[in-house]
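Student: With the sequence up front, the predicted model follows.
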Amino acid sequence: MDVARSMKIFVAVAEAGSFTAAALELDATTGYVSRAVSDLESRLRTRLLNRTTRRIALTQAGERYLTRCRDILASIEAAEGEASQAHATPSGTLRVHAMASIGQNYVVPAAAAYQRLYPDVAVDLTLSQDVPDLLEDGYDVVLRVSPDRLPDSNYICHELGTVRGILCAAPAYLAAHGTPATVDDLARHARLQVALSVFPSDRWRLIGPDGEHDVPLPEHRFKVNVPDAMAVALHEGMGIGALPTLAARTSLRTGMLVRVLPEYHLQALDIYAIYASRQYVDAKIRTWVECVRASIADALAEDARLAGNYAERRTAQSDTAATSAMPAATRG
């Protein structure tokens, strides 16, 4: 028995004053309406209506029940409207998970832009290196990075862009130990690797104009699982390290770190937004994915420009230095 439907029929009968009029209003048969009220009375074990051949009248129990039914049906209508509104208008709390470096460098700026557009949405952002369970941990959207395409699942995955790893070091370290000119020169340097599951732990895979190179890494004297912490280790002159461009961007801009072998980069990492379903997507999830996609695309383009310009500047500086070192008679 559909109790809410029976309540609605009872209210219609009580307000219309007859089964026939209520049936016309509900686009149902008179027999169906009459049976629904009778079934409701049987369920309640209470007479709600006194019936005669010419009219119906509410009993005292029916009057009290009518008031309750109106309140309940109004609450149901409000709940349905609120749920439907969630599909149309962003509101409520958006729970997002991301890796620490992606969160700090890309997701927080995206959240600021998002809340300027949708101030009624609260963003609850969790940053960690763990890979959460989307549903069990109660997240609306999870942002992940992977060197490979994510395996098929029942979740929806949107690729947001690609971030590359680069080799960096502090200028003071390079002044003391020399700047590598070739991949083979790296063997004479302290080589640090950030301990992330998306990177091999025992080597760097460098990709450059002459193809791929696997550079073995020694047993680590220092290891950390957060790229931003690795950037600090490099600031301290501990060696040459691999960083995603997002973790190196500020240090490159300020000169605290410089690129090493700027014509090479490490394997690319794809960034994905993952959420539960494509059907009836909550408006806050749909608009968040659209916003974070645009924001991250802009940030990645800026990082690529920064890294590329930096590499060009370093090459130009090297060429200038080499020209300055030539005897005057050999210059063009």
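Tutor: Nice, thanks for sending it over.

Student: contacting residues around residue 26?
Tutor: 8-9, 12, 33 (C-beta atoms under 8 Å, 6 or more residues apart in numbering). In this view, the C-beta of every residue, glycine as well, is placed from N, C-alpha and C.

Student: The same query, at a cut-off of 6 Å, please.
Tutor: By C-beta atoms under 6 Å, 6 or more residues apart in numbering, residue 26 lies in contact with residue 12.

Student: Same check on residue 235?
Tutor: 170, 256.

Student: One more: residue 246?
Tutor: Contacts of residue 246 by C-beta under 6 Å, 6+ apart are 101, 105, 163.

Student: Mind picking the one among those that's closest to residue 237?
Tutor: Set against residue 237, the nearest of the contacts of residue 246 by C-beta to C-beta is residue 101 (21.3 Å).

Student: what's the neighbour count on that closest one?
Tutor: Residue 101 has 25 neighbours, counted by other C-beta atoms under 10 Å.

Student: secondary structure class for it?
Tutor: helix (DSSP: H, G, I helix; E, B strand; the rest coil).

Student: Thought residue 225 was touching it, still the case?
Tutor: No: between residue 101 and residue 225 there is no contact under C-beta atoms under 6 Å: 10.5 Å.

Student: and the strand or helix carrying residue 304, what's its mean pLDDT?
Tutor: Per DSSP states H and E: residue 304 is located in helix 283-325. Averaging pLDDT along helix 283-325 gives 68.

Student: Strands of this protein, residue ranges please.
Tutor: 49-51, 56-58, 92-98, 121-127, 141-146, 156-169, 191-192, 203-208, 211-216, 240-244, 258-260, 265-266, 268-275 (DSSP state E).

Student: do you know which of those lies nearest residue 183?
Tutor: Set against residue 183 and scored by C-beta to C-beta, the strands of the chain come closest in strand 211-216, at 4.8 Å.

Student: still on that earlier bit, which of the contacts of residue 246 has the weakest pLDDT?
Tutor: Ranked by pLDDT, the contacts of residue 246 bottom out at residue 101, which scores 79.

Student: And it, how far from residue 28?
Tutor: Look at residue 101 and residue 28: by C-beta to C-beta, to the nearest Å, they are 61 Å apart.

Student: now do residue 290
Tutor: On the measure of C-beta to C-beta, residue 290 and residue 28 end up 43 Å apart.

Student: repeat for residue 173
Tutor: 83 Å.

Student: Quick check on those two: which one has the bigger neighbour count.
Tutor: Using other C-beta under 10 Å as the criterion, residue 173 and residue 28 rank with residue 173 on top: 24 against 15.

Student: Count the neighbours of the closest residue to that one other than its chain neighbours for me.
Tutor: Excluding its sequence neighbours, the residue lying closest to residue 173 (C-beta to C-beta, 6 or more residues apart in numbering) is residue 237, at 4.2 Å. By other C-beta under 10 Å, the residues close to residue 237 number 16.

Student: mind listing what residue 237 touches?
Tutor: By C-beta under 6 Å, 6+ apart, the contact list for residue 237 reads 170, 172-173.

Student: tell me the average confidence for stretch 271-279?
Tutor: In the prediction, stretch 271-279 has an average pLDDT of 82.

Student: change the start of the numbering to 33 and stick with it
Tutor: Will do, 33 is the new start, and the previous item becomes stretch 303-311.

Student: if we can go back for a sec, tell me the one among the contacts of residue 278 nearest to residue 178.
Tutor: residue 195 (11.0 Å).

Student: hang on, the closest one packs against residue 276?
Tutor: Yes: proximity of residue 195 to residue 276 meets the contact threshold set by C-beta under 6 Å, at 5.1 Å.

Student: of the two, who's got more company?
Tutor: Taking other C-beta under 10 Å, residue 195 and residue 276 do not tie; residue 276 has more neighbours (28 against 23).
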